[in-house]
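[1] how would this look folded up:
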Amino acid sequence: MKVVVIGGTGLIGSKVVARLGEHGHEAVAAAPNTGVNTLTGEGLAEVLKGASVVIDVSNSPSFEDEAVMDFFRTSTTNLLKAETEAGVRHHVALSVVGTERLQDSGYFRAKQTQEELIKASGIPYSIVHATQFFEFMKAIAAAATEGDTVRLAPVKIQPVSSDDVAATVGRTAVGKPINGVVEVAGPDEFRLDQLIGKELAAENDRRTVVTDVHAPYFGAELKETTLVPAPGAHIGEARLSDWLAQQQ
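    This next block holds a predicted model:
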């Protein structure tokens, strides 16, 4: 089948395109650098011709509240309209475990808006909620840094390999639409403050992690289980320890 991957040249998208291609599907990477722009609508009609499935793994270039809301609202609206016109039969989107619990954050409000647009579109859909990628730990640390201090809450987190996320997204895309959410997480559970401490230590980063139960996570205060999936989530294979060793 023809599968169009919006954001198909990025971290997750490129892995999804490769996996689908290995399984005999026509996987098309769609992104501004391939002539497809969901914000303006440029190239959408052309790339969606003959597509059975659209996978959206794109992300906003800015995490600023207004910009990120505009990105997800505009791009999702344009994409869903083009899919309806092209007769696409399955829309798959990548989102984040805990999105509905993180609504004090502008980024997660925008992701929630994206999900609501998908659910209201009338197009059969599947939404994949992933926990934080191993590769995202640097961004978490940066967002929590003040001077030489990284202030983080001691809450549970279950980070996942981007390879395992891509596998789940690809598997979901070639299956029947679930008109709901599937979750994917890594096999090991950590405390957020300890996890980022491991990452910093592995990179000989001299910043100090300070535990603070009220420390915000991209603008939202966390509860003990905000960032972990519900029972029944798909559990990836890759372990953080192995991934960190490979980064050396």
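[2] so V155 sits against E189, correct?
    No: applying C-beta atoms under 8 Å, one finds V155 not in contact with E189, separated by 10.6 Å. To be clear about C-beta, it is placed using only N, CA and C from the backbone, and glycine gets the same treatment.
[3] higher neighbour count, those two?
    V155 (20 against 13; other C-beta atoms under 10 Å).
[4] and the gap between G180 and A93?
    12 Å (C-beta to C-beta, to the nearest Å).
[5] more crowded one of the two?
    Neighbours were counted for G180 and for A93 using other C-beta under 10 Å; A93 has more, 26 against 9.
[6] can you confirm the more buried one is in a strand?
    Yes: judged by DSSP: H, G, I helix; E, B strand; the rest coil, A93 forms part of a strand.
[7] what's the closest non-adjacent residue to it?
    Spatial nearest neighbour of A93, chain neighbours left out: D56 (4.6 Å); criterion: C-beta to C-beta, 6 or more residues apart in numbering.
[8] contact partners for the one you found?
    6-7, 76, 79, 91-94 (C-beta atoms under 8 Å, 6 or more residues apart in numbering).
[9] how about residues contacting stretch 165-176?
    By C-beta under 8 Å, 6+ apart, the surrounding residues in contact with stretch 165-176 are 1, 3, 12, 15-16, 19-20, 23, 25, 53, 55, 57, 90, 92, 94, 126, 128, 130, 133, 178, 182, 184, 234, 236.
[10] buried sites along it?
    Buried residues in stretch 165-176, counted by 16 or more other C-beta atoms under 10 Å: 165-174.
[11] report the mean per-residue pLDDT for it.
    Across stretch 165-176, pLDDT averages out at 97.
[12] and that stretch, how far from the chain's centre?
    13 Å (C-alpha atoms, centre = their mean, to the nearest Å).
[13] just checking, what packs against the longest helix anywhere in the chain?
    Determined from DSSP state H, the single longest helix within the chain is helix 65-86. Here helix 65-86 touches helix 44-48, strand 53-56, helix 106-120, going by 3 or more C-beta pairs under 8 Å, 6 or more residues apart in numbering; DSSP states H and E.
[14] which among the ones you listed is found nearest to T84?
    In terms of C-beta to C-beta, the element of these nearest to T84 is helix 44-48, at 10.0 Å.
[15] for the contacts of D56, pick the one with the most neighbours.
    In terms of neighbours by other C-beta under 10 Å, the contacts of D56 top out with L79 at 30 neighbours.
[16] strands of this structure, residue ranges please.
    2-6, 26-30, 53-56, 90-96, 125-130, 145-146, 149-152, 156-157, 181-185, 190-191, 208-211, 216-217, 220-221, 234-235 (DSSP state E).
[17] pick the most buried one from the ones you listed.
    The highest average neighbour count among these, using mean count of other C-beta atoms under 10 Å, belongs to strand 53-56 at a mean of 28.
[18] that one: how far from the chain's middle?
    On the basis of C-alpha atoms, centre = their mean, strand 53-56 sits 13 Å off its chain's mean C-alpha point.
[19] do stretch 182-200 as well
    In this view, stretch 182-200 has its centroid 15 Å away from the chain centroid, taken as C-alpha atoms, centre = their mean.
[20] gap between the two ends of that stretch?
    Using C-alpha to C-alpha, to the nearest Å, one end of stretch 182-200 lies 31 Å from the other.
[21] ok, stretch 175-191 next?
    End-to-end span of stretch 175-191 (C-alpha to C-alpha): 34 Å.
[22] can you pull the contacts of E42?
    Contacts of E42 (C-beta under 8 Å, 6+ apart): 35-36.
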